[in-house]
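Novice: I would like to see how this sequence folds:
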Amino acid sequence: MRYGFIGLGTIGRHLAANLQRGGFSLTVHDLHKEAARPLLDHGARWADSPAAVAAASDTVITCLPSPGATQEVLADKDGILSGFADGGSWIEMGTLGRDEIQRFAALAAQQEVKTMEAPVTGGVHLAAQGEITILAGGDKAMFDQHLPALKAMGKEIFHMGPLGSAAVIKVITNMLAFIHLKAVGEALMLAKRGGLDLAQAYHAIAASSGNSFVHETEGQLILNGSYDIGFPMDLALKDLGFAMHFGREFGVPLELASITNQTYVLAKAAYGGKAESPMIVKLLEDALKTDLRAPGFPAKLT
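Specialist: Model (predicted):
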């Protein structure tokens, strides 16, 4: 199976590297060729356009930051769909809304190109280790066909159901992570204002019923002051927007998600859309003029 990979950003570069380490033939493209250098140095082939990637591949994987980027790479001039000669397969590993992935799949089907969604969750450090979780949606036979490649890129692999199913669960997991992050910041501030040693408080929470994946990971990045999770405010607001849309569509009141969304709006106004998403906690630090630094935490997750 010849794979192409387009989108070598914060997450995509690790997914592509893991696919390459798994022994899969790889042709790559990105807006910035330098992002592909480590892959090219290990035998991947460069293509000058998404169409050229498709022409050299049986299946093209994309990991793109927005629906607009997906539209351009998939269907615009020199897009993937113009490059496949006799059909092919397309796997999107970025986060899209359910309606969007289904709309793009319909465009692909007109060119006899099959579609599967496979967004990821778990963070950059797990992507780098090949241990990220992959949430797939689409035809089960297509999922089974590409399962070896998915296993090369991630650890926990879930087939969620028909196309669009993975988009829903991915938005749910991100919504929970953002809510948890807001809660972690408030909990750590209570500990600090209560006179506790923050490092000891972190470890006590990690060993308690109040623990969460977000506390264990992003909690460290708050305490070391880096906030560096490789996920900006703009993407968080995009995903929260998807969650709020699903809440209206499915008739589910999302009170915590709504409050968290407003916190992110305020944080973007304060620090900009490219600021790291854990900086929502800095809003609380700035408001109370109390930092949450603690010694002994690494500069970034490894």
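Novice: run a quick neighbour tally on the nearest residue to Ser277 once chain neighbours are set aside.
Specialist: Excluding the flanking residues, the one nearest Ser277 by C-beta to C-beta, 6 or more residues apart in numbering is Ala236, at 4.4 Å. All C-beta atoms are positioned from the backbone trio N, CA, C, and that covers glycine. Residues lying near Ala236 (other C-beta atoms under 10 Å) number 28.
Novice: element containing Ala236?
Specialist: According to DSSP states H and E, Ala236 maps onto helix 233-250.
Novice: which residues touch that helix?
Specialist: 65-66, 95, 97-98, 167-168, 170-172, 174-175, 178, 252-254, 257-258, 260-261, 264-265, 267-268, 271-277, 279 (C-beta atoms under 8 Å, 6 or more residues apart in numbering).
Novice: before we move on, back to that, now do the residue nearest to Ser277 against Ala177, distance only.
Specialist: As defined by C-beta to C-beta, to the nearest Å, Ala236 lies at a distance of 9 Å from Ala177.
Novice: now the helix holding Ala236: buried residues?
Specialist: Buried positions in helix 233-250, judged by neighbour count with 16 or more other C-beta atoms under 10 Å: 233-240, 242-244, 246-247.
Novice: returning to what we had before: inside strands: which ones of the contacts of helix 233-250?
Specialist: The members of the contacts of helix 233-250 all map outside strands under DSSP state E.
Novice: quick one, strands of the stretch 1-150 of the chain?
Specialist: Ranges of strands within the stretch 1-150 of the chain are 2-6, 25-29, 45-46, 59-62, 88-92, 113-117, 120-121, 132-136, based on DSSP state E, counting those that start in this stretch.
Novice: can you tell me the strand partners of the first one and which way each runs?
Specialist: Pairing partners of strand 2-6, with direction, according to DSSP bridges: strand 25-29 (parallel), strand 59-62 (parallel).
Novice: pick the most deeply packed of the ones you listed.
Specialist: Mean neighbour count (mean count of other C-beta atoms under 10 Å) peaks for strand 59-62 among the strands paired with strand 2-6, with a mean of 26.
Novice: got the CA positions of it in CSV?
Specialist: Provided in CSV are the C-alpha atoms of strand 59-62 (Å, rounded to 0.1, in the frame of the first residue of the first chain):
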residue,chain,number,x,y,z
THR,A,59,-4.3,6.3,-0.2
VAL,A,60,-3.7,9.9,0.9
ILE,A,61,-3.8,10.9,4.6
THR,A,62,-4.4,14.5,5.5
